[in-house]
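Engineer: just coords:
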């Protein structure tokens, strides 16, 4: 797209056993005409996630289990020419058609970090549970008190300047990655923008977080630990 001609955009998609939805996600990203590359990080899947992603046009790399490890590996793998990195999940719940809206403020030079808010957009029934909504609101309230930056969600769908991301010195290896990025972006004085994005139910496979009690508990524990750790730094 002409308005992104001066920017090189890489999309990073962490994926663990997303054989059903991943090809559609990759194709939807490429169909926007924005990304120069789509990188799927196979998080030690036991199904055909990697194969399906390659068939759809993605470059596939691997990373050990851990959501943050996958995101970090993807960020390190983007091409040297890329100056904007977009992150989204591989389950089909994030809607790639919103990529231009996330990227444009960064490409214009008005913002450094643009994050989607599912709670401010239109959500399919059942696409977010009450715990996800409340945890995003509570974390946002704490960050507003701590840093003066208002977030309403911990949405994984986001875009950030590559050089700004490198300066955040991301450490979290599991589910606290998204929150760590938001906290460090706010603390570091990045120009942050939150925009509404629509959200839908996953298009295949099973959730590793909200779909099970164990997944919800483990993710919640890691998020709380990240919140405390970064806030005390």
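Structural biologist: Yep, it's here. Values in this document were obtained by computation on a predicted structure and should not be read as measured data.
Engineer: how near is the residue nearest to the spatial centre of the chain to residue 91?
Structural biologist: Centroid-nearest residue in the chain, with CA atoms, centre = their mean: residue 156, separated by 3.0 Å. Using CB to CB, to the nearest Å, we find residue 156 at a distance of 10 Å from residue 91. Every residue, glycine included, has its C-beta placed from N, CA and C.
Engineer: Kindly report the same for residue 152.
Structural biologist: For residue 152, the distance to residue 91 - CB to CB - is 21 Å.
Engineer: Specify which residue of the two has the higher count of neighbours.
Structural biologist: Neighbour count, other CB atoms under 10 Å: between residue 152 and residue 91, residue 91 has more, with 26 against 19.
Engineer: residues touching that one, list them.
Structural biologist: Residues near residue 91 by CB atoms under 8 Å, 6 or more residues apart in numbering: 18, 21, 25, 202, 203, 204, 205, 207.
Engineer: give me the element it is part of.
Structural biologist: Using DSSP states H and E, residue 91 sits in no helix or strand.
Engineer: Model confidence score at it, please.
Structural biologist: With respect to pLDDT, residue 91 has a value of 96.
Engineer: Residue 26 now?
Structural biologist: Reported pLDDT for residue 26: 98.
Engineer: Report how many residues lie close to it.
Structural biologist: Residue 26 has 28 nearby residues by other CB under 10 Å.
Engineer: Is it correct that it falls within a helix?
Structural biologist: Yes. Residue 26 forms part of a helix when assessed by DSSP: H, G, I helix; E, B strand; the rest coil.
Engineer: Skipping adjacent residues, who's closest to it in space?
Structural biologist: Once flanking residues are discounted, residue 26 sits nearest to residue 56: 3.8 Å by CB to CB, 6 or more residues apart in numbering.
Engineer: cool, and residue 65?
Structural biologist: residue 44 (4.9 Å).
Engineer: dump the residue contacts of that neighbour.
Structural biologist: By CB under 8 Å, 6+ apart, the contact set of residue 44 is 16, 62, 63, 64, 65.
Engineer: Redo those residues as JSON lines? Include pLDDT.
Structural biologist: Converted to JSON lines, these look like this (pLDDT from 0 to 100):
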{"residue": "16", "pLDDT": "96"}
{"residue": "62", "pLDDT": "98"}
{"residue": "63", "pLDDT": "97"}
{"residue": "64", "pLDDT": "95"}
{"residue": "65", "pLDDT": "95"}
